[in-house]
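Chemist: here is a sequence with its predicted model. Questions after.
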Amino acid sequence: MGVNLLLYKEGKDQNDPKSYRPISLLPSMGKLLEKLMTQRLTYFLKKTRQPALWNLVAEEALAQQYPANTAIQAFADDFLIISVAESERKLGTAASEALKIFKTWSDRHGLEISKEKTQFLLLSNLRRGTSIYWGNQRVKRTKTLKYLGVHLDSKLNWAHHLVQQGAKALQQHRQLVKLAGCTWDISPKLRTQLYRAVTEKTVAHGVSVWGRYIIYRMITRLSQIQRPFLLNITGAYRTSPTSALQAITGIMPLDIKLEAEAQFVQLARLKKNLTIEGEEYNCETYEEKATGWSRHPAEFIDKERVNLEENLGAAELIALQEAVKYTQNHQNKVKIWSDSQSSLKALLNQKSNSPIARYIQDSLYNTHNIRLGWIRAHVGHLGNEKADELAKESITSTESAVLTVPLPRSSAKQDLKQQALAKWQRRWDDGINGRSTYEIIKKVGLRNHNWPRQLIQFMTWHGPFPSYLFRFGKHPDNCCACGEPGTPFHYATKCRLTLSYHLKCPSDQHIEAWLKSITNHRLLRNKIIDLLNFITSQEDLLKSEQPE
């Protein structure tokens, strides 16, 4: 017997039974029985993202016969009906008929559909639109429709979606500022992890739909979303160039990152070929992962048929596959020995996503004369040593059969990552902002340079310097109190007011190497940090006197 608990829905009438959400807590044996039933149901339904019993009901709605050019899809209890027609009248008739069929199904099962949440979005140039009915009630038309967290608009330019995702990101930034505080208690490393794990994933939601063709306006919006986090991670001045902060932190521009994610989905999941910068990527060269159960959960491979005493690689699995093919028609009992323990373990996993492992599993189910065993490698076993010798010979032999091994999905992700880095590098090379940082960091990458905020201010020239303050209208001139231009280089090498913090002044041709040496040597770094702290604390002393 289960224990029923009622959770009150805040803001509802406490005397109304519908104001409570029932939760049933089952004992251990009950949970075990539920798990067994769920495994068997999901084996047939092929869906694991929804409650199993609900799948039985929803499957019927998806199997209904809907009008031509009308389709239905569902995720959990969210249904979406798509209808295409040549005219507004035909569109209204087809959509209303589809809703009528859906309503018949919901009434038959006693399901109450929220009429307030039922809306339709028209993707057309028609001004008047069309009329769609749920029973006798007209369905409300909306300019934007949210489905599974993706905001669709009537023009499909995704502007509204980016605005909403940007608002979410802004809220996360405010929470991050609360955590970091004005004293920067949270380390930049942790702030970077929070950004990548939370904010990037939030903005990337549904990117496979809207991220394949990112236009300039979307690039600008995504840069605006990313910029506050870069400032928070680095502690830089808010006028610091975004491109420079990206290079310093090793955080890829958000539009390039999301475009690579969308391309990966298109290549690996949607199985569509890609052409990027003249280079073609064929989806057939990458392994297609299997899903669901390989066999019914009640059926399994006896572990006695796969003998294990102790990294799944496609080559080892293909070798096992070829050996099974060769021996499956033999009448005598056969024992196949392999030194790849991970490959043998993969055969015991009925939910393995490797199609090669699934093929071997099916072969073992259909034949009962084959057994597999593990043998330790490189310990003098004659058969194993001979197999290694033949494998090495086949590499150089021109008469050896060529076996095409599908590349793993990780290979596709790595290739697209390199393309994204190359695109980022071209943008960094051709940019007009952040040129002082470019002189130090020529090549961008995903490595964080871990510059303290004082060093970032010094290298970007966006800091408490008269030259910077004058440029942005915060000071009447760009001069130091000593009369010379108040640049970072001046304070670090020439100014008599900062003599204690001076570094050796380099010649003009060695300034770039001098700046790089500061970023690479801890003692020089610390001296620059002390210099910036002194300038900040003695700001009035180092600025030229303002006229009365």
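Modeler: Yep, that arrived. Everything numeric here is computed off the predicted structure, so don't read it as measured data. Numbering: from 1, shown residues only.

Chemist: just the pLDDT for the closest residue to Leu469 other than its chain neighbours.
Modeler: Leaving aside its sequence neighbours, Leu469 sits nearest to His475 (Cβ to Cβ, 6 or more residues apart in numbering; 3.8 Å). From N, CA and C alone the C-beta is placed, and that goes for glycine too. Note on His475: pLDDT of 87.

Chemist: what bridges to Leu152?
Modeler: Following DSSP bridges, Leu152 is listed with bridge partners Leu145.

Chemist: wait, it sits on Leu145?
Modeler: Yes: counting by Cβ atoms under 8 Å, Leu152 touches Leu145, with 4.7 Å between them.

Chemist: mind listing the shared neighbours of the two?
Modeler: Leu121 (Cβ atoms under 8 Å, 6 or more residues apart in numbering).

Chemist: these two - which one has more neighbours?
Modeler: Remark: of Leu152 and Leu145, Leu152 carries more neighbours, 21 against 17, as counted by other Cβ atoms under 10 Å.

Chemist: can you pull the contacts of that one?
Modeler: For Leu152, the contact set (Cβ under 8 Å, 6+ apart) comprises Leu121, Thr144, Leu145, Lys146, His161.

Chemist: also Leu455?
Modeler: Ile518, Thr519, Arg525, Ile528, Ile529, Leu532.

Chemist: and the spatially most central residue of the chain, how close does it get to Leu258?
Modeler: Nearest residue to the geometric centre of the chain (Cα atoms, centre = their mean): Lys201, 5.6 Å. Distance, Lys201 to Leu258, by Cβ to Cβ, to the nearest Å: 11 Å.

Chemist: and if you look at Ala76?
Modeler: Taking Cβ to Cβ, one finds Ala76 at 25 Å from Leu258.

Chemist: between these two, which is the more surrounded one?
Modeler: The residue with more neighbours, out of Ala76 and Leu258, is Leu258; 23 against 12, by other Cβ under 10 Å.

Chemist: my guess is the more buried one meets Ile225, correct?
Modeler: No: using Cβ under 8 Å, Leu258 is not in contact with Ile225; the gap is 10.5 Å.

Chemist: which neighbours do those two have in common?
Modeler: Common contact partners of Leu258 and Ile225 (Cβ under 8 Å, 6+ apart): Val203.

Chemist: re earlier: tell me the SS of the residue nearest to the centre of the chain?
Modeler: helix (DSSP: H, G, I helix; E, B strand; the rest coil).

Chemist: now do it against Lys417, distance only.
Modeler: According to Cβ to Cβ, Lys201 stands 17 Å off from Lys417.

Chemist: what of Phe472?
Modeler: When distance is defined by Cβ to Cβ, Phe472 is 37 Å away from Lys417.

Chemist: between the two, which is the more surrounded one?
Modeler: Using other Cβ under 10 Å, the more surrounded residue of Phe472 and Lys417 is Lys417, with 15 against 10.

Chemist: quick one: contacts for that one?
Modeler: Lys417 sits next to Ala260 when contact means Cβ under 8 Å, 6+ apart.

Chemist: within the helices and strands, which one has it?
Modeler: Element membership for Lys417 (DSSP states H and E) is helix 409-430.

Chemist: tell me how far that helix lies from the chain's centre.
Modeler: How far helix 409-430 lies from its chain's middle: 15 Å, per Cα atoms, centre = their mean, to the nearest Å.

Chemist: in the helix or strand that comes right after it, what's buried?
Modeler: The helix or strand immediately downstream of helix 409-430 is helix 435-438, counting by DSSP H and E. By neighbour count on 16 or more other Cβ atoms under 10 Å, the buried set for helix 435-438 is Ser436, Thr437, Tyr438.

Chemist: and His475, how many neighbours does it have?
Modeler: Around His475 there are 18 residues (other Cβ under 10 Å).

Chemist: and it, helix, strand or coil?
Modeler: Following three-state DSSP, His475 is assigned to coil.

Chemist: distance check, it against Ile432.
Modeler: 24 Å.

Chemist: and Glu288, by the same measure?
Modeler: Going from Glu288 to Ile432 by Cβ to Cβ gives 44 Å.

Chemist: so between these two, which is more surrounded?
Modeler: Glu288 (14 against 7).

Chemist: that one contacts Lys271, correct?
Modeler: Yes: using Cβ under 8 Å, Glu288 makes contact with Lys271 at a distance of 7.4 Å.

Chemist: pLDDT weak spots in this structure?
Modeler: The chain contains residues with pLDDT under 70 at 1-2, 41-53, 179-185, 290-314, 400-404, 544-548.

Chemist: break it into its domains for me.
Modeler: 3-47, 51-142, 303-405, 451-541 (the TED database).

Chemist: what would the buried residues of helix 435-438 look like in TSV with distance to Thr234?
Modeler: TSV is the format used below for the buried residues of helix 435-438 (distance: Cβ to Cβ, whole Å):
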residue	distance to Thr234
Ser436	15
Thr437	11
Tyr438	16
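
Chemist: quick check, nearest of those to Tyr491?
Modeler: Among the buried residues of helix 435-438, Ser436 lies closest to Tyr491 (Cβ to Cβ), at 15.0 Å.

Chemist: check contacts around the closest one.
Modeler: Taking Cβ under 8 Å, 6+ apart as the contact definition, Ser436 lies against Ala244, Met459, Thr460, Trp461.

Chemist: likewise Arg196?
Modeler: Counting by Cβ under 8 Å, 6+ apart, Arg196 touches Ile251.

Chemist: how close does it sit to Ile251?
Modeler: The gap separating Arg196 from Ile251 is 8 Å, by Cβ to Cβ.

Chemist: circling back to that earlier point, looking at the domains of the chain, which is closest to Arg238?
Modeler: Nearest of the domains of the chain to Arg238, taken as Cβ to Cβ: domain 451-541 at 8.7 Å.

Chemist: between the two ends of that closest one, what distance do you get?
Modeler: With Cα to Cα, to the nearest Å as the measure, the ends of domain 451-541 fall 27 Å from one another.

Chemist: mind checking the SS state of the closest residue to Arg496 other than its chain neighbours?
Modeler: Nearest non-adjacent residue to Arg496, counting by Cβ to Cβ, 6+ apart: Cys482, 5.8 Å away. Classification of Cys482 by three-state DSSP places it in coil.

Chemist: gap between Cys482 and His490?
Modeler: 9 Å.

Chemist: can you check Leu531 too?
Modeler: According to Cβ to Cβ, Leu531 stands 11 Å off from His490.

Chemist: neighbour-wise, which of the two wins?
Modeler: Leu531 (21 against 18).

Chemist: leaving aside the residues next to it on the chain, what's closest to that one?
Modeler: Tyr501 (4.0 Å).

Chemist: dump the residue contacts of that neighbour.
Modeler: Per Cβ under 8 Å, 6+ apart, neighbours of Tyr501: Tyr491, Ala492, Lys527, Asp530, Leu531, Phe534.

Chemist: which of these are buried?
Modeler: By 16+ other Cβ under 10 Å, the contacts of Tyr501 give Tyr491, Ala492, Lys527, Leu531, Phe534 as buried.

Chemist: now the second one: closest residue in space, sequence neighbours ignored.
Modeler: If I follow you right, that is Ala492. Leu503 is the one closest to Ala492 (Cβ to Cβ, 6+ apart), at 5.4 Å.

Chemist: need the three-state assignment for the one you found.
Modeler: Leu503 ends up coil, using three-state DSSP.

Chemist: list the contacts of it.
Modeler: Contacts for Leu503 (Cβ under 8 Å, 6+ apart) come out as Ala492, Thr493, Trp514, Ile518, Leu524, Lys527, Ile528.

Chemist: now do the contacts for the third one.
Modeler: Put plainly, it is Trp514. By Cβ under 8 Å, 6+ apart, the residues touching Trp514 are Leu503, Pro506.

Chemist: and it, what element?
Modeler: Going by DSSP H and E, Trp514 is part of helix 511-520.
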